[in-house]
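*Asks:* fold the following, please.
(one chain, ligands or ions: 1)
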Amino acid sequence: MRRYLISGNWKMNTTRATGVELVKALAAGCEGDESVDVLVFPPAPYLIPILDAVKGTSIQVGAQNAYFEEPGAYTGEVGLEMLQDIGCETLLVGHSERRHVFGETDELLNRKVKVALDKGFRVVLCVGELLSERQDDRTNEVLDTQMAGGLKDVTAEQLGQVVIAYEPVWAIGTGHTASPEQADAAHANIRGWLATNYSTDAAEAMQILYGGSVKADNAAELLGQPNVDGALVGGASLKASAFLPIIQAGIAATKG
Ligand code: PGA
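*Replies:* A predicted model of the protein is given here:
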């Protein structure tokens, strides 16, 4: 059975103090039951204090972004070696804000994915369609293109270090969650793409997270879908009182 992964994308939010307080509260809330994995993506300047704060707990920490080049003249960028140097080896790639606000293409994202995997990172690759693409009935086609683009030249062996997050762009930060059926259908399509392009075993093993307005009151239903293996939570991951119930929903779904 696939393990559930409940992750929180803090985006450009929190302060050092509120971030540390948040992970301490999450660690305390998760103590004693590690049946789901819990992962947070703090802003880059707070990675070190957050990594320190989670030492000895089950909370995992990833970076929201990094550049694929070796150290050098890339003003403003954070290198993958720098993340490894501080003990951070999970990377979020392809979030819709990186694609749409910062213009990152599948080609550029693929370079991040490849180099990060080559260096041993776990990569959480986000894919998802725009509202107009869904309305044009192009959701599966868009997902297939993003999967093929993001995972180009990723080997079957490396695929074990990949997690996919399905995040319909129209559901991110809007309060409009995909229905459990819409989420499950998109996840099934992603799993089908993996079966065709890798193997049924690889498709079955893949953790596929849903993201887009996940909250305490819709988490149980989404996580109860057969193809949904966790969540990537934005707004509701910024307060322990909002995020812990989503983790609890994951634990309940695991126990079935
Ligand atoms: P949201 O964000 O939960 O605030 O919709 C999800 C995400 O962007 O990862």
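*Asks:* can you give me the strands in the stretch 151-256 of the chain?
*Replies:* Counting by DSSP state E, counting those that start in this stretch, the stretch 151-256 of the chain has strands at residues 162-166, 208-211, 230-233.
*Asks:* pull the residues that contact the longest one.
*Replies:* Defining contact as Cβ atoms under 8 Å, 6 or more residues apart in numbering, one finds that strand 162-166 is touched by 5, 7, 113, 117, 122-128, 143, 147, 151, 154, 183, 186-187, 190, 206-211, 232. For glycine as for every other residue, the C-beta is placed from the backbone atoms N, C-alpha and C.
*Asks:* quick check, pLDDT for whichever residue of the stretch 1-150 of the chain sits closest to the ligand.
*Replies:* Nearest residue of the stretch 1-150 of the chain to the ligand: residue 9, at 4.1 Å (Cβ to the nearest ligand atom). With respect to pLDDT, residue 9 scores 98.
*Asks:* follow-up on the earlier one: show me which of the contacts of strand 162-166 neighbour the ligand.
*Replies:* On the criterion Cβ under 6 Å from any ligand atom, 211, 232 are the entries of the contacts of strand 162-166 that sit beside the ligand.
*Asks:* so what's whichever residue of the chain sits closest to the ligand up against?
*Replies:* Proximity to the ligand, evaluated over the chain using Cβ to the nearest ligand atom, is greatest for residue 234 at 2.2 Å. Remark: with contacts taken as Cβ under 8 Å, 6+ apart, residue 234 is in contact with 8-9, 11, 172-173, 211.
*Asks:* equivalent analysis for residue 167, please.
*Replies:* Contacts of residue 167 (Cβ under 8 Å, 6+ apart): 95-96, 126-128, 210-212, 232.
*Asks:* just to revisit the earlier point, which of the strands of the stretch 151-256 of the chain sits closest to residue 256?
*Replies:* Among those, the nearest to residue 256 by Cβ to Cβ is strand 230-233 (15.0 Å).
*Asks:* what pairs with that closest one, parallel or antiparallel?
*Replies:* Sheet pairing for strand 230-233, assigned by DSSP bridges, gives strand 5-9 (parallel), strand 208-211 (parallel).
*Asks:* need those in JSON lines (columns: mean neighbour count).
*Replies:* Shown next, in JSON lines, are the strands paired with strand 230-233 (neighbours: other Cβ atoms under 10 Å):
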{"stretch": "strand 5-9", "mean neighbour count": "26"}
{"stretch": "strand 208-211", "mean neighbour count": "27"}
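*Asks:* how about JSON lines for those, with distance to residue 242 added?
*Replies:* Below are the strands paired with strand 230-233 laid out as JSON lines (distance: least, Cβ to Cβ, whole Å):
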{"stretch": "strand 5-9", "distance to residue 242": "10"}
{"stretch": "strand 208-211", "distance to residue 242": "15"}
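*Asks:* for residue 211, see how far away the residue of the chain closest to the ligand is.
*Replies:* Residue 234 sits 7 Å away from residue 211, going by Cβ to Cβ, to the nearest Å.
*Asks:* what is in contact with the two at once?
*Replies:* 9, 172.
*Asks:* roughly how far apart are the residue located most distally from the centre of the chain and residue 79?
*Replies:* Using Cα atoms, centre = their mean, the residue of the chain lying farthest from its centre is residue 73. It sits 28.8 Å away. Note on residue 73: its distance to residue 79, by Cβ to Cβ, is 12 Å.
*Asks:* run through the residues of the chain sitting next to the ligand.
*Replies:* Within reach of the ligand by Cβ under 6 Å from any ligand atom, the chain has these residues: 9, 167, 172-173, 211-214, 232-236.
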